[in-house]
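S.K.: model the following, please.
(chains A, B and C)
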Amino acid sequence: MALEWLHPVLIAAVLVLAAIGAVRRVNLWRQGQKEPVDIVGGLLAMPGRYMKDLHDVVERDKYMSKTHVATGGGFVLSMVLIVLVHGLGVDSKLLGWALLASLAMMFTGAVFVYLRRRNPPSRLSKGPWMRLPKSLLSFAGAFFILTLPLAGVLPEGTGGWLLTLVLTVLVIYGLSEMLLGMTWGGPMKHAFAGALHLAFHRRPERFGGGRSTGLKPIDLGQPVLGVQKPSDFKWNQLLGFDACVQCGRCEAVCPAFAAGQPLNPKKLIQDMVVGFAGGTDSHYAGSPYPGIDIGSASGGPHQPITEGLVTPDTLWSCTTCRACVEECPMMIEHVDAIVDMRRFMTLEKGSTPGKGAEVLENLIATDNPNGFAPASRSNWAADQNLNLMSEVKEAEVLFWVSDGAFDMRSQRIIRAFVKLLKAANVDVAILGNEEQDSGDLARRLGDDATFQQLARNNIATLSQYRFKKIVTTDPHAYHCLKNEYGDFGGNYEVFHHTTYLNELVQQDRLKFDQFQGGKVTYHDPCYLGRYNGEYEAPRELLRSLGIEIAEMERSGFRSRCCGGGGGAPVTDIPGEQRIADMRMEDVIATDAELVAVGCQQCTAMLEGVVEPRPEVKDISEILIDVLIEEVH
Amino acid sequence: MTTVAHRRDPRTEWIIRNRLHPQHEALFASQNGPVRGPTGLIRKNPHNVGFIGPNGLKRIDRLEGNSSNVISINRQVRQVIEPEKPLHKVEQPDFHILVVPDLAGGRLTEQDKDVLGQAHTLANVEGSKGAVVAVIFGEHRETGLDQAGVDRLIHLEGSDYEDYCPELKLAALATIEQQLSPKHWLFPDSIHGGADLGSRLAATLGERPAVQAWQVNNQQATCRAASDSIDINRETPKILLLAEECADAVDETRHEVLPVTVDELIGTQTTLTDHGFMAVDPNSIPLAEAEFILAAGNGVSNWDLFHEAAEQLGATEGASRVAVDNGHMPRFRQVGATGTWVTASVYLAVGISGAIQHMQGIGQCQTVIAINTDANCDMVKRANLSVIGDSEEVLKELLLLIKEYREALSHAA
Amino acid sequence: MQPDLKLVSLLSTGRHPKSGRACRANQDSRALELAMKTSSQVTAVHAGNPDNNVLRQYAGMGLKKIAVLDLPETADPTQSLKHYLDEQSPDIVLTGVRAEDGESSGMLPYLLSEKLGWAMVPRIAEIQSIENGKAKVLQALPRGQRRLIEVDLPFIASVDNSAAEPRQSAFGPASRATIETISTEIFTDEALAGWQLSAARKRPKRLKIAKAKTAADRFKAATAKSQSKGGTLIKDKPASEQAKAIFDLLVTESVIKQP
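M.R.: Sure thing, here's the model as predicted:
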């Protein structure tokens, strides 16, 4: 083959250019705020994180996971061998054959990528991503042919000028897509940024089967609170945005997107990239925010995000259900980013929409979002004969009632649960009027100041008493107490009531009749399921009543939000339909007559759907109906 | 009714025997006049007292017709003549208590009457007697000043007082102060102008008024303060701004309403000019304050018609939660426990069946009108007037009626 | 917006109706909102304790600075405020109608107006325009009605509950605003010493007084069931007739206004 010198030079040149691009890219991320990371440890952990955690998420789509293993694995192996064989000219038949094998693997993967891209689902971004199968095929194909002589399959110098020329063009095309695109911003950028993102992830606890869902507190003494400009994000958050592969899995599960509210998690992450890299979103080739055209957004690293890049409504549409985070193969933290930007809107601009401002003011003045008199918090318990912590000082179980105490509907749930506790002879006490809102709503609305205040107050109250565990019927309070109070020195053993009741049933402390009734389905509350991984206990409880759960298509970690989280009912961003209605359609699709829920917010949202519809009941209400009360 | 029957009337006798006959009671009473016993004393027949009640039991009315609502079997409407109340006269008052009522809408408000009642408790001092003097500005339509307790009346007439003119009124009050040097000045502490005028007078006279006073006698005044959270007990000052229901209104006596003339008022420099009422778009009135609300629910299908009806009726628009959730109405229009609690005097609910939260929210409405297809829904049960039918047709007819009404009015004018 | 206009907004400590905690006063924050909407030269003044945390809540509405006349609780602020306003010579002074804490007599604007010789407009909802030394303001009347009043500058106005809602108080600006303490002569409120303060007693709700001469009548009046007569129901009638019934009721209730 002619021009033996050409390909090594080409490879070297592309590698150098890629390295320059990489430095540039890294500098873009470094515009973000400092955040200490374990660099060596992170890099060492990276392959493991890729193989295990990332692959587990990708594996949910078997087709794509196999394709990616073949293409990605093939490419990484090929690239190493290409540098050795073609770049450095190591003359080894064995290496040649190995390279051929890996290129063949990559080629096969690329064929499947091609097949996928022939008729792509709407969640996938088009644009440059549509050429990716072609570049993959050219890269694998061209190097395959180039390697044939080295492996001794074809004699040296096969092919004429024409073939060389064609191959060279394909090599340049393939190399630039694969290497330059990686660092200068093509579809392959995800490989470079994604790998580093895995290494320097802001929540390393998520890897290796762990869970990290609590929001990070902010230092209230900072000159600017929350994220105003892209450069206000931590540097590794910016890195995370860059890792996005635009697969649109987040978009497919986002309840706000489905409801026609102006939010698309994928577009949001892409807009963040536009923000810190500067420019406009005109190159974006995926689904827009519902109701907002593409091309009008522009931003820069030091320009306020909500002035031109993202509308505030987009940020306020999120229900913080974490479905996007759960689905993201690149482990991007959408919710963190959204709440960071909300913090600026609330704490600096004072522009929480809808009833947000009123709710926050109520939380400050009355410790509950609806402005009820704090002294009336324990009115519901007047006839319950419950111990007050302030009187008994010590109990095995502290029942965290949460703000449902003020709401007549939620009181039914609370009373049912208390009855169950009494039936099981549990040593239980409540805080009564000393309890305050957990701060969940304030925090999701971006008011970390109020959250921290409420958290500190509650922790101070709790520190006066001795108890073994906290049990609550409210998954939102559960999440705060369990995962977010730790940052302020409140570490407790917290249980959701379904978990605790399940334990009581296992210990034979509660006995139930068989459930007599129609079909039952179960709705997983986001803050119980995705936030805390509790999918089984409520189901076990239902099964213990002889209920065969008619699962919804979206259940478990894929459960669809009821629309009640993240302050969404408070900010009330208009869409085409209501999230609760969509969820009720999911319920109706199972033919269930009853939907079991483990959250008073979900109960309220689902019961807000216009009748006729299946009945909505908290699990404790279902249990109380079939409780066998023993006479003591 | 005491005519003696000269001839036997078998029918009457039968009726008198038949205790269940509707006319039995009346005839029985008329025929059984006083019976004199052998000693000449009036004898009462104990069997003749009472009457048979509607359920067949004998009832004895010991009030002997003195009850204000006499139970009459034959349901004759008897006119109850109110006895004329005694006239309360103050010939030579030792001091004056001045009351400046709001006369909102030209009539004494309930609060005005209570303030006048309070004035009389202050006028009643042992050993001396005060007169209650009312100061009234401009035209009014009140006919019951005597019943309300006005001993003396200072009526300052003139079109100047029709507008908002606190400075003119203040000047008048200052003149009266000089002339009568009253013991107390009493104002209703209200948004109808009483609080404003009272505060102005207090500032001018350099007096510290008792404000939101709700329990006042000649020595002590108790005032609400700090958002109704504390009571201030203090010596009763000269100027009092009295809260609602501060005292019972006068109702046992009549009063003279003797006119008192005031010295010529000197022209005052005014800094405020009243440019009259503004035309207020009903939809810009906060829902909680609106007087007339036209509210839409799930049963409304023609929204253009609904909005037109609201505009023509001059009503503020409201909505049920469902109508808001479905995006037909903005969230701030939602009526109910989860939306706005309304106080409208007329609430016209179109196609709202009445969820409990909604019914809670309209609890304070005086008159509720429902247009609904379901005669059994909660809204119809609550409504003072319900119309069962297609809301679209009814609204269309209503629009026609309004148009006719307006045209008739403009012709008449 | 009249950027060259000098406004002073007087701020007091509010009292939350449900919890009784100190917070922004409703009317004062509406007054501040109105001031900030009217002009960019707004001075916010509080007479009282400079360490009062509630001031931060007002500052969170976007104030860089709050001036505080350092006065003890027993002081009468009118004199001090009068001196302060004399120095500042603003065009408009805005206050709430009635304080939510303390005596809450609502006298302050009247006393200042008397002392300064300025006009006083009570219960305004909006400042419509300011031209040639005269301002047109909308006074709030019951049931959402408005009266247009023209008033000479400078003037004092108290702001009604129906003025525009105050903007949200944001934590960041609130914590960064400066509280400027102004020491001033203290005039003690002498009258205060003679008063007894106590927690508000419950006021008996006035019952419908049964004017009855006899015990039996009073008994009857007290025990009689409330007259729930149930409404009129019009069914199966033509729509025109039904509409007429509604219309007649609307006319009787006199809610149909002339155009």
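S.K.: surely residue B:382 touches residue B:359?
M.R.: Yes - counting by C-beta atoms under 8 Å, residue B:382 touches residue B:359, with 6.2 Å between them. From N, CA and C alone the C-beta is placed, and that goes for glycine too.
S.K.: distance check, residue A:365 against residue B:333.
M.R.: If you measure residue A:365 against residue B:333 using C-beta to C-beta, to the nearest Å, the figure is 26 Å.
S.K.: first-to-last residue distance for stretch C:200-219?
M.R.: 32 Å (C-alpha to C-alpha, to the nearest Å).
S.K.: show me the contacts for the closest residue to residue A:22 other than its chain neighbours.
M.R.: In this structure, residue A:22 finds its nearest non-sequential neighbour in residue A:183, 4.2 Å apart by C-beta to C-beta, 6 or more residues apart in numbering or on different chains. By C-beta atoms under 8 Å, 6 or more residues apart in numbering or on different chains, the contact list for residue A:183 reads A:18, A:19, A:20, A:21, A:22, A:24, A:25, A:189, A:192.
S.K.: narrow those residues to those that are buried.
M.R.: A:18, A:21, A:22, A:25, A:189, A:192 (16 or more other C-beta atoms under 10 Å in any protein chain shown).
S.K.: quick check: closest non-adjacent residue to the residue of the stretch 1-150 of chain A found nearest chain B.
M.R.: Closest contact between the stretch 1-150 of chain A and chain B, by C-beta to the nearest C-beta, is at residue A:122 (24.4 Å). Once flanking residues are discounted, residue A:122 sits nearest to residue A:287: 6.2 Å by C-beta to C-beta, 6+ apart.
S.K.: look at the one you found and report its pLDDT.
M.R.: pLDDT, residue A:287: 94.
S.K.: repeat that for residue B:28.
M.R.: 71.
S.K.: wait, it touches residue B:16, no?
M.R.: Yes - counting by C-beta under 8 Å, residue B:28 does reach residue B:16; the two are 5.5 Å apart.
S.K.: okay, and the residue nearest to residue A:22 sits in which element?
M.R.: In the assignment (DSSP states H and E), residue A:183 maps to helix A:181-184.
S.K.: output that helix as PDB, restricted to C-alpha atoms.
M.R.: The C-alpha trace of helix A:181-184 is given here as PDB (Å, rounded to 0.1, in the frame of the first residue of the first chain):
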ATOM      1  CA  GLY A 181     -15.700  14.500  18.200                       C
ATOM      2  CA  MET A 182     -14.900  13.200  21.600                       C
ATOM      3  CA  THR A 183     -13.300  16.300  22.800                       C
ATOM      4  CA  TRP A 184     -14.400  19.000  20.400                       C
END
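S.K.: can you list contacts of the helix or strand that that helix is followed by?
M.R.: Using DSSP H and E, the helix or strand that follows helix A:181-184 towards the C-terminus is helix A:189-199. Helix A:189-199 has contacts (C-beta under 8 Å, 6+ apart) with A:22, A:25, A:39, A:42-43, A:45-46, A:49-50, A:53-54, A:72, A:181-183, A:207, A:236, A:239-240, A:242-245, A:330-332.
S.K.: burial count for the residue nearest to residue A:122?
M.R.: By other C-beta atoms under 10 Å in any protein chain shown, 19 other residues sit near residue A:287.
S.K.: and it, how close does it get to residue A:124?
M.R.: 9 Å.
S.K.: shared neighbours, those two?
M.R.: Common neighbours of residue A:287 and residue A:124 (C-beta under 8 Å, 6+ apart) are residue A:248.
S.K.: which pLDDT value belongs to the nearest residue to residue A:300 once chain neighbours are set aside?
M.R.: Leaving out its chain neighbours, the residue that sits closest to residue A:300 by C-beta to C-beta, 6+ apart is residue A:278, at 4.4 Å. Predicted confidence (pLDDT) for residue A:278: 91.
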